[in-house]
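A.B. asks: Dropping a prediction and its sequence here:
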Amino acid sequence: VTYTIFGRLPSPLGHVLHIGAGIGEDLAGYLEAGAHAVTLVEPDPVCLPQLRAAVASHADVRIIEAAVSADSLDKHLRRFNFTDLNSLRDPTGLRELFPGLEGRPAEKVRVLDPVALVREMNLCAEHAHVLVLEAPGEGMSILRALVEAGLLVRFSAVRVQEGVKELYEGAGTLADLRGLLESVHFSRDAILNEGDPDRPILTVLFDSVAAELTSARKDLEKAEAARSDAQAQVDSLSAVLDEQALELGALKEERSRLRNQLTEAEAQLQVQCQRDQSFREEMLRAEAQIEIIKDLLLRKVEL
Amino acid sequence: VNHSNGSLHQEANMSDLCVILGNGPSLRGFDFFRLQGVTTLGMNAAYRYWDEIGWYPTYYACLDDQLIKTHHEQILRLWGQGRCSHFFVHGTFFDHHPQCICAAGFTSLDQVLPHWYHKRGKEQGWSDLTTAPAFLTKDTTKVTTGSFATRFASYMGHTTLALMGIDLRYVEVLPEAESTGGIGLVIRETPRINPNYFFDGYQQTGDRYNIPNPKSHDDALHIQSFRLIKEDFVRNGLAVQILNVNPTSLLEHEKVFPLQSIDELLTPHELAAVVVPATKGDIDAILSNFEIWNDPRYSPLDTGETDNRCALVFAFNNRDAEGYERTIREKFASTGTRRYFSRIVFHYLGLDGEADRYERSYSERIGEQGYKAGPNNQFFLTISRTRNLGRYVFHMETDCVPLRRGWLSQLRRIAADAAGFWVMGSTYRGIETLSPSFRNHLNGNAIYAVGDPAFQEFVSSFWEPRTRRMVAEVDRRLAYDCILEKTFTEQRDTDPEVRQVFEKHRGKFRVTEYILNISGKRDLEELSSNYREELLQRFPDAYILHNRTAQQRTAGDVPSFPRLLIIDMTAMGNSSATGELKANLLRDWPRDRLLQIASPGNSRFSLVRPSSEGDFIATEASEAQVHAAVAGFFPELILYRPVSDLAHLHALAIQVIKQNDSPLVTWIMDDWPARLHAKNEPIFETFDRDLRHLLERSVLRLSICDRMSQAFEKRYGHTFTAVANGIEPSQWPPRREHRRGPMLVRYAGGLATDMNAQSVLRVARAVEALVEEGSDIRFEIATQTWWLKQGEHLFKGLKATRIEASRRSFAEYAEWLRGADVLLIAYNFDERSQVYVRYSMANKLPECMASGAALLVHGPIDQATVDYASRSGAARVVDRSEIEALKAALEELRDPARRNELSERAYQLALERHSLPDLRHRFAQLLTGVRPLDPNRAFPIYLFSVGRGVRTFIDPATAQAALVDDDIGLVTYDDPAVVLADVIDKGGDPVEALAEWEANARAALALHHKARHQLTLFERSLLIDAPALCLSMLGKILSSSDELLDMVRAPPSAPDSLSFAVARMHVQSSRSAPRLLAELRASGRRPDGVSTEDAASLEVVSEAHQVLRKLREVMSNSARELAAARDTVAQAEEQVRVQNQKAQELQKEIENLRIKSKAHQAISEQLKADIDAIYRSRSWKVTRPLRAFRRVIAPPGTATPSHVPRPESEPQG
């Protein structure tokens, strides 16, 4: 299943991070698919010798002998006669599926924080990286931590195996995992391998188009909100403007009226002035006449 | 006689061809002068026509004693005039003309028939030809002029025989003839129109002749005589291809020989040969290439064509490889490669010494011919030697491998279409960087115009001399294929001849993508794993890849076809639908790996084998002969089609299947069990029991369609795979468009009342009604004679319907279909019919779809064919039994646009889904993919439900298909170490056993995953140590079934502890097995307190380690001691040898000394005698005083030599 998805990666295969690599059965497939680097993480001391042997001749393959969990405080690996089911968590629904399951002594193991692990890998942007999770019970904690740290998008594909029902304490189900993955756009070319229908393997590609679409939608929403705010402001300003315009109109009218009044007044004034002038002139003339008359009178008086 | 007008290459092409000219009416109007340049054989009274037109055949035959009576003088005349080069005549001819007995140019029938040879021929002095492969026959009574003339042509060395004018459809007794007693007839009046011959004057008044097909041969002497040729030639190992050129001949109707048009036959083929340049070191590659070419994926031809007059020529450097010629020829025949080529030819080019040298290390000293002298010389000699084969040959070294099927067909097309070139080949397409001076050279694996004299002239006057000069003077590493470009590139500007040649002929060298030269060192080392897909994507027109690594990988990847024994009543290749289906699907199966047991009926059996021509020959055989043939065949896979019709065949099949451990494949093609159930329940029960047993035993079950698969899966609880018939795309070119006008509806097939008669009749009535309403429609039915007799009355009075019994050849049948506007497929609606045909897929459906006619399908929708047609959208389906519905459909189909729409869709579907090359490939994949299941190593699965009891399976897929909801089941497995220990004890291969265990474990886990709640996984090995606990636990789980518990009650045998320890280590070293075992154990059940990975196991391993270590030490010490002892013995032996040698030497010395001693003694005695004689002589006595005196005067110390004996008588002085 993993190999079939390699062909559909958006860019050349880069790094494969396999958490729960077992004895390294998948390594050859990764190398054949052209992986530039492979990191195999495995805590089970039973598997490690074979894993080391498998890796011995490959320089680009690294083994990290540890478990990975984001929230497990317990560093004891619960071990079983079927090592694929080993987990940091207590089994809750395993016995129903595996009646012959036998416990083995638990092993104290080093537990890595997935965020630190992925950060340290320095995944480049040019290649497509793949995350394989075969860490029974820890899928949800690892994925959630990577999502929260914004690191899951560094991977182009995720392969994860988990129970249809919850098989470990607090582990969640495959549907939960799928929901989480879909929420961060790991939703393209999803393949559900039901080789074991009770513990299917989900392989899914990061849907960069959907992610970009969502991002674009968010941007659009923001822009729309901004536009809306601006619109509101515009509307408010428009109202004010309208009011002001009305006021302006009124003022203009007033001004016009006043102007008219003024004009009228000026005209009247002018008429008045003219009349005054003519009065004055009349007066002057009258005064002159008076003077004349006065003179005349004086003369007459004198006379 | 007639060779003068043939061109050189035509003659060469035709040299192995002989056209046998019968005198049947199909030859009317044929222009015999078209046969000039071809060897021909004419017969009987046809000389009357030849005399008229002035043309005569090469050979003449008349083997009928009655005809001899009439024509002997004219035969003598023909001989006397030298009209024909050889005459093959009945023995009675020589009664008339005894002067011709043993004369040059005559062969007598008395030479070839044992009875007549001993009675007459031998006495006359004829040579004995009774055991010649061409004449040796198992039935000496089937003598006809036509068949024995054919044998004669083979005897004369021709390997391709074309039968022309051999119609075999006689009017046995003409009205103008009367009996002369027995089977003899005489013509009393020259027939005005003679229906039996190609010219009316063939028989004239007074002519005597025999009834063509006398009663004593079941009225079928002629056809039997030709069938017999086919069988005899195969039996006698004659690699002769016989073709029939007359499509109307009974030979074609009975499919005796492949059909070939005379035009095709007389047209010289452009591609004359595939030439393989090779050395002794290439033998393995040659043989593996035959295997590759017989893989349907890489088949040379892309159609079902069997005729190919392209030769396969091997050009070996010298006769070192001659010892392998037989091996190559045998492989050529046994793999069936023979059917792709007209013949196989070997050339040994006589190269040796420096001329044959091919030195890959350039540090070696080399002569003037260079490091590639061998390949260069081989190339030029091959070009010259193959000049007469024909126009083009393709040089294909042994490291060339097909990228896909049809490579030879494509080669022929290229040669036919792209005339005018001299060399067409590949430039280098690999990842290395070539020298600029030959970067674009055409690789030697190319098509060469060897038949073009101008090319030969170019090779001999320019290419070859320039190659020699360049190698000698410029670079001794150069090969012939690089030299041309290097010469043109480097010398064009300075050498006028080079410039002239370049400018004149540059267009004659062409690049093709047909072959890809990717053969650099790095290309070989770094060839991608999916190179084939990558290359075909890059070069869509590529067919051949020149790359040794690819050739080797392909050779390793070719599936080995198992020796397939088919048991089926209808013989492969007979005219029945099931016979044709098998023949079509198995055409590519290697000849030596295919055998069929068939039955012609009535307690008879026949053995059917493929012939060299690509068809099949059935030989009747007794039951004992069948068993002997099967025993000699060693079947690796048995394919049985059980039917209830022939109880004797079924009984034999059951017996053969029981006697052979081979995997079984069953094939059911129609629902005969349902029909039998309805007809005869007691017999049904017997067959049903057998059938269920067979299906259970089968590793693969085949049906005829998906509907049948689904129904049978429900009924029998096993998965089925549908395999049905198809069409050869090349036989069905696209048809012209439908046009407006009268509409012709046709139906071909049976008229069984419990299959289709009523529905066909309903269509006829609908047509009748439409015609009465004014529509222009006609309905034609072509059926078999027996159906005509049964069904003719149904159609009486229907004016628009015509019904006939037809015996068309396939070509005629195809043409008849293509002539229809609408083709009908019909099934009855009644329940009785449906019981039988519900799941049948009409064999003719693909042909109807490919015909270009619109398809009208009338029947109930749950009938498989109707359902398929309906879903496909490629047919107008009427699934109601009402005339009005049919009328509406017919009205709809009167629209040519609608017919075009339906026929185009049907045509596309026929090509996509029913193409025989694809189906053949898939069928081969299905059968080659079958692997025997070893019940001892499988994981037995037991299913139980009340009412069904316990059912046992060894195939998880089958178990899963059979699992129903109320089943509970046990899936059992063993610790792989236990299995391997057993294998090791028995001397088996533990690696193979472990791989098988892993595959079984995966399958068992997959099954368990699907049904955890129903199935219990249980490790049987636990029973060894804790049987009681295990059974108690299982008893609780399987409380409802003691029967189920019984299945696992017996524990497996405990393994030998040492073998177990070794096996355990083997398992631990595997990457997959421990994990699979862990999952099985975690998923399975075991009693409390019994651990699967307990300390005991670890102790066993530890103990085993210790034991092994000790054993190793002991063995190591023993080996050391043994080596020391061997050394001591060797030293002692050496000492003894040395001593012996010394002793021998001493002995020899002693002998020599003795001999010398004797010789000395003899000499000594002789000397003594001589001395005595001297002493006794007178002169000695006389000289005595003298000697005395000498002693006196001799100086002191001088004495007589001591070694000279003195005579005893003489006193010492």
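C.D. replies: That came through, no problem.
A.B. asks: Need the nearest residue in space to the residue of the stretch 551-700 of chain B found nearest chain A, chain neighbours excluded.
C.D. replies: Chain A sits closest to B:Arg553 of the stretch 551-700 of chain B, with a gap of 16.4 Å, by C-beta to the nearest C-beta. Any C-beta I mention is one placed from the backbone N, CA and C, and that applies to glycine too. Leaving aside its chain neighbours, B:Arg553 sits nearest to B:Leu527 (7.6 Å; criterion: C-beta to C-beta, 6 or more residues apart in numbering or on different chains).
A.B. asks: Any regions of the stretch 1051-1200 of chain B where pLDDT drops low?
C.D. replies: Within the stretch 1051-1200 of chain B, the segments meeting pLDDT under 70 span B:1051, B:1089-1113, B:1115-1116, B:1119, B:1194-1200.
A.B. asks: one step back: does the residue of the stretch 551-700 of chain B closest to chain A belong to a helix, a strand or coil?
C.D. replies: Recorded secondary structure, B:Arg553: helix (DSSP: H, G, I helix; E, B strand; the rest coil).
A.B. asks: Count the residues that sit near residue 128.
C.D. replies: Here I'm looking at chain A. By the criterion of other C-beta atoms under 10 Å in any protein chain shown, A:Ala128 has 21 neighbours.
A.B. asks: let's do chain B instead
C.D. replies: B:Asp128 has 13 neighbours, counted by other C-beta under 10 Å.
A.B. asks: per-residue confidence for it?
C.D. replies: The model reports B:Asp128 with a pLDDT of 90.
A.B. asks: Also B:Gln731?
C.D. replies: pLDDT, B:Gln731: 84.
A.B. asks: In which helix or strand does the nearest residue to it once chain neighbours are set aside reside?
C.D. replies: The shortest distance from B:Gln731 to any non-neighbouring residue, by C-beta to C-beta, 6+ apart, is to B:Ala814 (6.3 Å). Using DSSP states H and E, the element containing B:Ala814 is helix B:810-818.
A.B. asks: neighbouring contacts of that helix?
C.D. replies: Contact partners of helix B:810-818, identified using C-beta atoms under 8 Å, 6 or more residues apart in numbering or on different chains, comprise B:247-248, B:252, B:255, B:259, B:731-732, B:735, B:746, B:748, B:782, B:806, B:808, B:823, B:847-848, B:851-853.
A.B. asks: The same query, at a cut-off of 7 Å, please.
C.D. replies: B:247, B:259, B:731, B:735, B:748, B:782, B:808, B:823, B:847-848, B:851-853 (C-beta atoms under 7 Å, 6 or more residues apart in numbering or on different chains).
A.B. asks: go on, stretch B:975-994?
C.D. replies: Outside stretch B:975-994, the residues that touch it by C-beta under 7 Å, 6+ apart are B:937, B:997, B:1019, B:1021, B:1052, B:1055-1056, B:1059-1060, B:1062-1064, B:1066-1067, B:1070, B:1073, B:1077.
A.B. asks: So which residues on the stretch 101-250 of chain A come close to chain B?
C.D. replies: Counting by C-beta under 7 Å from any C-beta of the partner chain, the stretch 101-250 of chain A comes close to chain B at A:101-102, A:195-198.
A.B. asks: which of these are buried?
C.D. replies: Among those, the ones that count as buried by 16 or more other C-beta atoms under 10 Å in any protein chain shown are A:101-102, A:196, A:198.
A.B. asks: closest to B:Leu700 among these?
C.D. replies: Comparing these against B:Leu700 with C-beta to C-beta picks out A:Asp196 as the nearest, at 26.9 Å.
A.B. asks: What sits closest to B:Val474 if chain neighbours are left out?
C.D. replies: Excluding its sequence neighbours, the residue lying closest to B:Val474 (C-beta to C-beta, 6+ apart) is B:Lys486, at 8.0 Å.
A.B. asks: And that neighbour, which helix or strand is it part of?
C.D. replies: Counting by DSSP H and E, B:Lys486 is found in helix B:480-491.
A.B. asks: And that helix, what does it pack against?
C.D. replies: Helix B:480-491 sits against helix B:373-385, helix B:464-473, helix B:496-505, with contacts defined as 3 or more C-beta pairs under 7 Å, 6 or more residues apart in numbering or on different chains; DSSP states H and E.
A.B. asks: Give me the mean pLDDT for the first one.
C.D. replies: The average pLDDT within helix B:373-385 is 94.
A.B. asks: Next: the last one.
C.D. replies: Averaging pLDDT along helix B:496-505 gives 92.
A.B. asks: Next, the residue in the stretch 151-300 of chain A that chain B sits nearest to: secondary structure please.
C.D. replies: Among all residues of the stretch 151-300 of chain A, A:Asp196 sits closest to chain B, at 4.4 Å; criterion: C-beta to the nearest C-beta. What three-state DSSP gives for A:Asp196 is coil.
A.B. asks: Could you count how many residues lie near the nearest residue to it once chain neighbours are set aside?
C.D. replies: Nearest non-adjacent residue to A:Asp196, counting by C-beta to C-beta, 6+ apart: B:His1009, 4.4 Å away. Neighbour count for B:His1009, taken as other C-beta under 10 Å: 19.
A.B. asks: Having no further points to raise, I will conclude here.
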